[in-house]
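J.: predicted structure and sequence below. I'll ask about it afterward.
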Amino acid sequence: MKFAILVNEAPFGHQAAQSALSFARAVLSSGHDLVRVFFYCDGVQNANRLAAPGNGETNLVRDWSRLASDNNVDLVVCIAAGLRRGVRDANLAPGFRISGLGQMVEAAVLADRLVTFGG
Amino acid sequence: MKFAILVNEAPFGHQAAQSALSFARAVLSSGHDLVRVFFYCDGVQNANRLAAPGNGETNLVRDWSRLASDNNVDLVVCIAAGLRRGVRDANLAPGFRISGLGQMVEAAVLADRLVTFGG
Amino acid sequence: MSDRPAPLHTVNKSPLAGPALQSCLAHLTDGAAVLLMEDGVYAALAGALCAGLLADALRDHPVYVLGPDLALRGLAGRALVPGVSIVDYEGFVTLATRHSLVQAWV
Amino acid sequence: MSDRPAPLHTVNKSPLAGPALQSCLAHLTDGAAVLLMEDGVYAALAGALCAGLLADALRDHPVYVLGPDLALRGLAGRALVPGVSIVDYEGFVTLATRHSLVQAWV
Amino acid sequence: MRPKRLLFVARCPPHGGARAAEMLDAALIAASFGQDVHLAFLDDGVFQLLADQQPGPDGPRNFAAGFADLDDYDIDPVWVERDSLGVRGLSAGDLMIPVTLLDRRDLAERMAEMDVVIGS
Amino acid sequence: MRPKRLLFVARCPPHGGARAAEMLDAALIAASFGQDVHLAFLDDGVFQLLADQQPGPDGPRNFAAGFADLDDYDIDPVWVERDSLGVRGLSAGDLMIPVTLLDRRDLAERMAEMDVVIGS
């Protein structure tokens, strides 16, 4: 089955982004397809490569990048939401790309299930 | 009277940062002292100079910078909270400085009133 | 302690979106006042479910609401719970000087 | 429509911190299920104020709770509302495939 | 491919941040991509539709203007939960656009018929 | 300058983000700067003190460990609102550290005696 994931919360103010990552891994380990993860609203902060959590803290930005490189997952950051919040090419982490809201609509149409985390 | 302000929310996910700025202006226009604005938790995003809101949208980062240059207000971003969330010297807006939590404690001690926005 | 009478409590959440207002009102001490701001101003709407709660608090405590946040939400011309006073940001600053501290219920 | 029976509803907020759980439970249709996750798992605690609400829902709907989020919060060994089933993330994925859509109450 | 039935659910008030405005943006884009888009307002989300909202010069952008575009995008009717208005002392006449009032049970049934539900 | 009485109020649950951990950080720093620091837990904040929290390998950092430092920093006693525990089906025995249970009225009076109140 084809899944898409929508992430609406930043990594350090909320657990939703961590939940989304765990769900994404479970989608893949269960043998399903993950057509796209779309980062919207405060979720765009998951793509900020300047984030550097302290010792013993999870580095979600790095974990997303690894998910993308290990599993060829399409990580898309909303351009408008990113510009508003200071996430753009200059500080974009590896494995993410910036595009428009149309990519979220496309993901919703292509996937059998869209699962939202945070909002 | 001496005021200090604590800002705990990011500019685009919450109204608290806008409220804090309006309160800061009112403190100054009322003839009081504003000893420091401390940005903590998601509030550190107020200092991200890469933020570029759309047409007709308020640019809070720029407004804070102006407050600092026009009124010599001390804007301090928590270093630990900023590192976690990707706000550091590389993308720090003018008028802000990065320092430790001790600056928040000092502000609470020096001011007659500490007013918190968001959290 | 006449110059530091009691806290000013601010509430910035909608009364139906969490416990901030209820908790705040349950912790008012002699002389304490309440300022509704941001989404907290919805609590001042006459006819809302929590209007009685606010009316009870008003018997013993002043309740203020931030005018600019009312206008932003389309509440400027609407009936408010009787006894609620509208202030602007300068009024907020003055309230902060007159109370002993400002406690935010967020 | 046997392969697309009804929605799976997720709740990620504490039951006492907002209306998400109550709203969700008030909108369950035939065949719908509920998954409690993140701070939503506190609703599964036996003895909590909202336990009755959840018990009512359980008469007609399956209610699941995400095990890792229970453990994270110190609830792994505690008594839960009877009838609540614990699932892991793979279980969450399976639930998503078996329901028609996933609706998040945040 | 037939258009999907996409429902955007608004449960948060309008000015606590960009969330409400961003969800409306997403709905308009989905409609412009030819999807069958629906909007539902319940809980504090009904405050998004309140008439006479006056954004100040310093405030967030006037997202309420976006609701005026709903007709152009062929998003209608807008569903509003009757009970959510009632407990807030509001009625349909207080809202800035015409809406379809639904009881909780009816709204629940319509939500369950969607292909995708987005939002809070 | 005499130390100020600083109260940090915790009203949010522990794992919904960094907020709870960051407020604890701030309290510990304030204590290390010689201030007279107090902590109060009410509403969902009492969940922060629940015993047996098990952060997974992927989760946020184990901020609960920070509570073990409270003694070292001379922050005690920790105030917990009795009513907040009760409605959650909890008692003091469920918590990871010894606390002082206070009725709502008593906690309100103590909060009003502070110089500064920080937190949510």
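T.: Yep, it's here.
J.: what ranges in chain E fall below the confidence cut-off?
T.: Applying pLDDT under 70 to chain E flags the ranges E:56-64, E:120.
J.: and it, which residues reach chain D?
T.: Proximity of chain E to chain D, by C-beta under 8 Å from any C-beta of the partner chain, involves residues E:9, E:11, E:42-43, E:104, E:107-109, E:111-112, E:114-117, E:120. For every residue, glycine as well, the C-beta is placed using N, CA and C.
J.: show me which of those residues is closest to chain A.
T.: residue E:120 (3.8 Å; C-beta to the nearest C-beta).
J.: what about residue A:56, how many residues nearby?
T.: By other C-beta atoms under 10 Å in any protein chain shown, 10 other residues sit near residue A:56.
J.: please tell me how far it sits from chain D.
T.: The spacing between residue A:56 and chain D, counted by C-beta to the nearest C-beta, to the nearest Å, is 15 Å.
J.: wasn't that residue part of a strand?
T.: No - secondary structure of residue A:56 (DSSP: H, G, I helix; E, B strand; the rest coil): coil, not part of a strand.
J.: phi first, then psi, for it.
T.: Dihedral pair for residue A:56: phi 80, psi -10, per degrees, to the nearest 10.
J.: in chain E, which helix is the longest?
T.: In chain E, taking DSSP state H as the definition, the longest helix is helix E:19-32.
J.: check which residues of the helix or strand that contains residue C:92 are buried.
T.: According to DSSP states H and E, residue C:92 maps onto helix C:89-98. Across helix C:89-98, burial judged by 16 or more other C-beta atoms under 10 Å in any protein chain shown covers C:89, C:91-93, C:95-97.
J.: and of these, the nearest to chain E?
T.: residue C:89 (10.4 Å).
J.: doesn't residue B:25 make contact with that closest one?
T.: Yes - with contact defined as C-beta atoms under 8 Å, residue C:89 counts as touching residue B:25 (7.2 Å).
J.: for chain D, what's the nearest residue on chain C?
T.: Closest point on chain C to chain D, by C-beta to the nearest C-beta, is residue C:18, at 4.9 Å.
J.: for chain A, same thing?
T.: For chain A, C-beta to the nearest C-beta, closest residue to chain D: residue A:26, 3.7 Å.
J.: what pLDDT does the model give that residue?
T.: The per-residue pLDDT reported for residue A:26 equals 98.
J.: quick check, the helix or strand containing it touching chain F?
T.: Using DSSP H and E, residue A:26 sits in helix A:16-29. Yes - on the criterion C-beta under 8 Å from any C-beta, helix A:16-29 is in touch with chain F at A:18, A:21-22.
J.: which ones are touching residue A:40?
T.: By C-beta atoms under 8 Å, 6 or more residues apart in numbering or on different chains, residue A:40 lies in contact with A:6-8, A:78, A:81, A:101, A:104, E:22, E:26.
J.: which residues does the helix holding residue A:26 contact?
T.: Contacts for helix A:16-29 (C-beta under 8 Å, 6+ apart): A:3, A:5, A:7-11, A:33-34, A:37, A:43, A:46, A:58, A:60, A:63-64, A:67, A:71, A:73, A:115, A:117-119, D:12, D:37-38, D:68-69, D:88-90, D:92-93, D:106, F:58-60.
J.: mark which of these are part of helices, please.
T.: Per DSSP H, the subset of the contacts of helix A:16-29 in helices is A:60, A:63-64, A:67, A:71, D:68-69, D:89-90, D:92-93.
J.: need these in CSV with pLDDT and distance to chain C, can you?
T.: Listed next are those as CSV, based on pLDDT from 0 to 100; distance: C-beta to the nearest C-beta, whole Å:
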residue, pLDDT, distance to chain C
A:60, 95, 24
A:63, 97, 29
A:64, 98, 29
A:67, 98, 33
A:71, 98, 37
D:68, 96, 25
D:69, 96, 20
D:89, 98, 28
D:90, 98, 33
D:92, 98, 26
D:93, 98, 30
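J.: look through chain C and state the residue closest to chain A.
T.: residue C:106 (12.9 Å).
J.: isn't residue A:98 right next to residue A:83, touching?
T.: No - in this structure residue A:98 lies outside contact range of residue A:83 using C-beta under 8 Å: 9.0 Å.
J.: contact residues of chain C facing chain F?
T.: C:6-7, C:19, C:23, C:26-29, C:32, C:100-106.
J.: quick one: name the residues of chain C near chain B.
T.: Contact residues (C-beta under 8 Å from any C-beta) of chain C with chain B: C:10, C:12, C:37-39, C:68-69, C:88-90, C:92-94, C:96-97, C:101-102, C:104, C:106.
J.: please name the nearest non-neighbouring residue to the residue of chain A closest to chain D.
T.: Once flanking residues are discounted, residue A:26 sits nearest to residue D:89: 3.7 Å by C-beta to C-beta, 6 or more residues apart in numbering or on different chains.
J.: which residues touch that neighbour?
T.: A:22-23, A:25-26, D:66, D:68.
J.: and the nearest residue to residue E:40 once chain neighbours are set aside, how many neighbours?
T.: Nearest residue to residue E:40, sequence neighbours excluded (C-beta to C-beta, 6+ apart): residue E:79, at 4.4 Å. Residue E:79 sits with 20 neighbouring residues when counted by other C-beta under 10 Å.
J.: where do the strands sit along the chain?
T.: No chain was given, so I picked chain A. A:2-7, A:33-39, A:75-78, A:96-99, A:113-117 (DSSP state E).
J.: um, chain E though
T.: Counting by DSSP E, chain E has strands at residues E:5-10, E:36-41, E:78-81, E:100-102, E:116-119.
J.: which of these sits most buried?
T.: strand E:116-119 (a mean of 25; mean count of other C-beta atoms under 10 Å in any protein chain shown).
J.: list the contacts of it.
T.: Contacts of strand E:116-119 (C-beta under 8 Å, 6+ apart): A:6, A:108, A:114, A:116, A:119, D:7, D:101-104, E:4-11, E:23, E:26, E:111.
J.: what sits closest to residue C:28 if chain neighbours are left out?
T.: Using C-beta to C-beta, 6+ apart, the closest residue to residue C:28 is residue C:61 (5.2 Å).
J.: look up phi and psi at residue A:50.
T.: Torsion angles, degrees, to the nearest 10, at residue A:50: phi -80, psi -10.
J.: that one against residue A:88, yeah?
T.: No - the criterion here is C-beta under 8 Å, and residue A:50 misses it with residue A:88 at 11.5 Å.
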